[in-house]
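Chemist: here you go, sequence then predicted model.
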Amino acid sequence: MEKSKVLVVGGTGFVGRRIVVASLALGYPTFVLMRPEISLDVDKVQALLSFKAQGARLVEASLDDRARLVAAVRQVDVVVSALSGTHHRSQTVLLQHKLVEAIKEAGNIKRFIPSEFGTDPSRMGHALEPGRVIFEEKMELRRAIEAAKIPHTYISANCFAAYFCPNLAQMGTLLPPKDKVRVYGDGNVKVIFVDEDDVATYTIKSLDDPRTLNKTIYLRPPENILTQNELIAKWEKLSGNVIEKIYIPVDEWLQ
């Protein structure tokens, strides 16, 4: 079966780079949207040139230029959005809605994957502020996609390993603790940690699979489902050091 042509939007970001690499590695004709503002970022320009050297096609278009964006979308069969959450949140949401409108106008896309890749927002109605608004905005985008009758797949990858494993699931740092670790609650809640390269690979593998059409894919590797206590124990075994645990009660943590 001929593989779909894939356009990656946000291809120079943390997840986007991995999606571009996975798409190329799996033999998909890969297009990367090259936005005007990227030309001022040396790191991103170098990433784009690297993708081009590996066979990707760079497509110049702005998310604020509807005509050029629609023209870019019409060159492919599938659009994968990896627009980064490091933007101001409302700006990222606005950009994704512009992308949805362009896909609707183009009318040729066989599959759209919006930029989610975390916890399934449809299951997060109980979330507390300020985090809750993120899930509500993702659900608004889903409703826009479905109202436009755009074929889609949602990817739920839970917790990125790079953000939650090296720091032993502590907030506010990405580095491993040297002698003390904060344990939230009793530390026995199960968490699903997923390698970002695996997220990208499964995302690309889903594109032409009829089983994933208009569905949510949950990435849940059994051996990657660990409590914070289990994660700490693995680190202690690897490092040969016992770390002091500072338990933070649930009420105090929520405060």
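Modeler: Now that the structure is in, tell me what you want to look at.

Chemist: and the pLDDT for the nearest residue to residue 160 once chain neighbours are set aside?
Modeler: In space, and not counting its chain neighbours, residue 160 is closest to residue 196: 5.5 Å by Cβ to Cβ, 6 or more residues apart in numbering. Quick note: C-beta positions are derived from backbone N, CA and C, even for glycine. Here the pLDDT value assigned to residue 196 is 97.

Chemist: correct me, but residue 196 touches residue 159?
Modeler: No. With contacts counted by Cβ atoms under 8 Å, residue 196 stays clear of residue 159, the gap being 10.6 Å.

Chemist: I'd like the next helix or strand past the helix or strand where residue 155 lies.
Modeler: Assigned by DSSP states H and E, residue 155 belongs to strand 153-156. With elements assigned by DSSP H and E, the helix or strand that comes after strand 153-156 is strand 159-160.

Chemist: who does that following strand touch, helix- and strand-wise?
Modeler: strand 190-194 (3 or more Cβ pairs under 8 Å, 6 or more residues apart in numbering; DSSP states H and E).

Chemist: restricting to C-alpha, output the following helix or strand past the strand it packs on in PDB.
Modeler: As assigned by DSSP H and E, the chain's next helix or strand after strand 190-194 is helix 196-206. In PDB, the C-alpha atoms belonging to helix 196-206 read as follows (Å, rounded to 0.1, in the frame of the first residue of the first chain):
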ATOM      1  CA  GLU A 196       9.200  10.400  23.300                       C
ATOM      2  CA  ASP A 197      10.700   8.500  20.400                       C
ATOM      3  CA  ASP A 198       8.100   5.800  20.900                       C
ATOM      4  CA  VAL A 199       5.300   8.400  20.900                       C
ATOM      5  CA  ALA A 200       6.500   9.600  17.500                       C
ATOM      6  CA  THR A 201       6.800   6.100  16.100                       C
ATOM      7  CA  TYR A 202       3.400   5.000  17.100                       C
ATOM      8  CA  THR A 203       1.900   8.300  15.900                       C
ATOM      9  CA  ILE A 204       3.300   7.700  12.400                       C
ATOM     10  CA  LYS A 205       2.300   4.000  12.500                       C
ATOM     11  CA  SER A 206      -1.300   5.100  13.100                       C
END
